[in-house]
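Novice: sharing a model that was predicted from the sequence below.
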Amino acid sequence: MTAAWIKKTRTFVTRAIVLAALLVAITGFLLWGKWPLFESAAADLPPRVLYEVPENITANALVTDLHEKGLIAFPRVLKVVLRITGWERRIRSGFYYLPPRNSIMEIATKLTFGEMATRSMTIPEGRASWEIYGILKKYFPLDSLQFESLVHSEEFAHSLGLQASDLEGYLYPDTYIVPWKLKEQDVLRLLVSRFQEVLATLPIEESEFVKQYGVNGLVTMASIVEKEAAVKREQKTISGVFHNRLRKGWSLGADPTVRFAVRKMTSPLRKEDLQSHSLYNTRRFTGLPPGPICSPGESALRAALHPEGTRMMFFVAKDDGSHAHYFSETYAEHNGFIIIAAGNRARYRAMLALRADSAASAAEAAAAEGMVSDNTGTEAPIVQENQMVNKDPKIRETKPRDAVEPKLEPKLEPKVETKAEPTKIR
């Protein structure tokens, strides 16, 4: 072995090592390098880009789209990686948050194994199904007919484990962290699943009320309590009033049930609305309505399950801005509170009008002095007659103060009252 041959061997090995290292470096750069090679990437970049992977998209089409949007620099390398690893069959449709500078391996793993983009969605308490749809459509491109059909499908309700004829009342109000894209059945399944989680925390097996009326009866009672109680601390008392009325065979007289029947959740009720023949009209029919009128929250469910032990039979809104109610045991006391509430309402409206005038005067003075005012409205929302903030308008009693105590009615369901208009629980 000559010295020349040894030298050539060493030179060859050195070059081979350098070449191998160079290939490794190039491969590493191609797979993990993050270079903003596009003009769009060289500009002021957002911290992340919301990217949608369409359903049934091919790996080639996906790679081409990513490259055109400036999210990857080496499309051919990404195609090879997806093909060699078999990940091209694991691409999941949906929305993803992607950084503006992506390596091949990062984006490949993100679109096959990574978490999808999510956002927060809030369903308030006490909303009917069509109101919930109005909220959901702001988040998802839902079809109204498909949504309505699923909500009122007994088969779909049973498939979700509910012993109910529809999903009304079971679309649980809460704040959800959801994907950016959901179909009608997926979002309904999510809301019902949350309801079932909450229901599992309640001692319904011990409840005599549930034994008599079932879970659907519990949710129905809770939905009425939810709509009637503007102040949560009164939910158990209001529930106690309704439980008392049920036991005595009186009509519940809850206007929110009428609103649900005629789909007028906020606008004033008319006389013909109160005469509706719907079984949801608890001003005409005794007992519970056929089902819930909204989706109640946990506190309303607990109030329906454990009502306050009270002798109260009536309640009427104070209309003094507190959103609270006067409760009474007799009809005479109830009529007296109606008179007091009318006085409260007049004083409260006068106070709000005075505040509005003061705010307007202050704004005018500020404008005259060349000042900018950010508050030209009232300090509190104006409460119109027979209406409370964030609650349904109230239908007042019109019977004289010396009206006789309402007679007990037999427990027949449904039973249409043929005497005077049923007593209003207000």
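Specialist: Structure's in. What do you need? Note that the structure is a prediction, hence the values are computed from the model and not measured. Numbering: from 1, shown residues only.

Novice: how much space between residue 69 and residue 112?
Specialist: Residue 69 sits at a distance of 18 Å from residue 112 (criterion: C-beta to C-beta, to the nearest Å). Any C-beta I mention is one placed from the backbone N, CA and C, and that applies to glycine too.

Novice: now do residue 239
Specialist: From residue 239 over to residue 112 the distance is 51 Å, taken as C-beta to C-beta.

Novice: neighbour count winner among those two?
Specialist: Taking neighbours as other C-beta atoms under 10 Å, residue 239 and residue 112 compare with residue 239 leading, 26 against 16.

Novice: what pLDDT, on average, does stretch 256-274 get?
Specialist: Across stretch 256-274, the average pLDDT comes to 89.

Novice: wait, residue 171 sits on residue 128?
Specialist: No. Using C-beta atoms under 8 Å, residue 171 makes no contact with residue 128, being 9.3 Å away.

Novice: list the residues that contact both of the two?
Specialist: Common neighbours of residue 171 and residue 128, counting by C-beta atoms under 8 Å, 6 or more residues apart in numbering, are residue 295.

Novice: looking at those two, which has the bigger crowd around it?
Specialist: Neighbour count, other C-beta under 10 Å: between residue 171 and residue 128, residue 171 has more, with 26 against 22.

Novice: check contacts around that one.
Specialist: Shown in contact with residue 171 (C-beta under 8 Å, 6+ apart): 123, 127, 129, 132, 151, 188, 191-192, 195, 295.

Novice: most surrounded residue in those?
Specialist: Using other C-beta under 10 Å as the neighbour criterion, residue 295 leads the contacts of residue 171 with 29 neighbours.

Novice: pLDDT score assigned to that one?
Specialist: Per-residue confidence at residue 295 stands at 97 (pLDDT).

Novice: gap between it and residue 54?
Specialist: In this structure, residue 295 and residue 54 are 33 Å apart, going by C-beta to C-beta.

Novice: cool, residue 75 as well?
Specialist: 17 Å.

Novice: who has more neighbours, these two?
Specialist: residue 75 (17 against 10).

Novice: show me what contacts that one?
Specialist: Neighbouring residues of residue 75 by C-beta under 8 Å, 6+ apart: 63-64, 66-67.

Novice: and those residues, which is closest to residue 346?
Specialist: Residue 346 lies nearest to residue 66 out of these, by C-beta to C-beta, at 66.3 Å.

Novice: pretty sure that closest one sits against residue 104.
Specialist: No. Using C-beta under 8 Å, residue 66 makes no contact with residue 104, being 10.1 Å away.

Novice: joint contacts of those two?
Specialist: Shared contacts of residue 66 and residue 104 (C-beta under 8 Å, 6+ apart): 72, 78.

Novice: looking at these two, which is more packed in?
Specialist: Per other C-beta under 10 Å, whichever of residue 66 and residue 104 has more neighbours is residue 104, with 25 against 20.

Novice: local confidence estimate at the more buried one?
Specialist: Predicted confidence (pLDDT) for residue 104: 79.

Novice: please report how far it lies from residue 89.
Specialist: Using C-beta to C-beta, one obtains 18 Å as the distance from residue 104 to residue 89.

Novice: and if you look at residue 197?
Specialist: Residue 197 sits 34 Å away from residue 89, going by C-beta to C-beta.

Novice: for residue 323, same thing?
Specialist: Per C-beta to C-beta, residue 323 is found 57 Å from residue 89.

Novice: residue 163 - how many residues pack around it?
Specialist: 9.

Novice: now it, what's its secondary structure?
Specialist: Following DSSP: H, G, I helix; E, B strand; the rest coil, we place residue 163 in the coil state.

Novice: would you map out the domains in the chain?
Specialist: By the assignment in automatic domain parsing, the chain contains the domains 24-113, 119-199.

Novice: can I get the ones you listed in CSV including distance to residue 276?
Specialist: Converted to CSV, the domains of the chain look like this (distance: least, C-beta to C-beta, whole Å):
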stretch, distance to residue 276
domain 24-113, 44
domain 119-199, 16
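
Novice: worst mean pLDDT among those domains?
Specialist: Lowest mean pLDDT within the domains of the chain: domain 24-113, a mean of 75.
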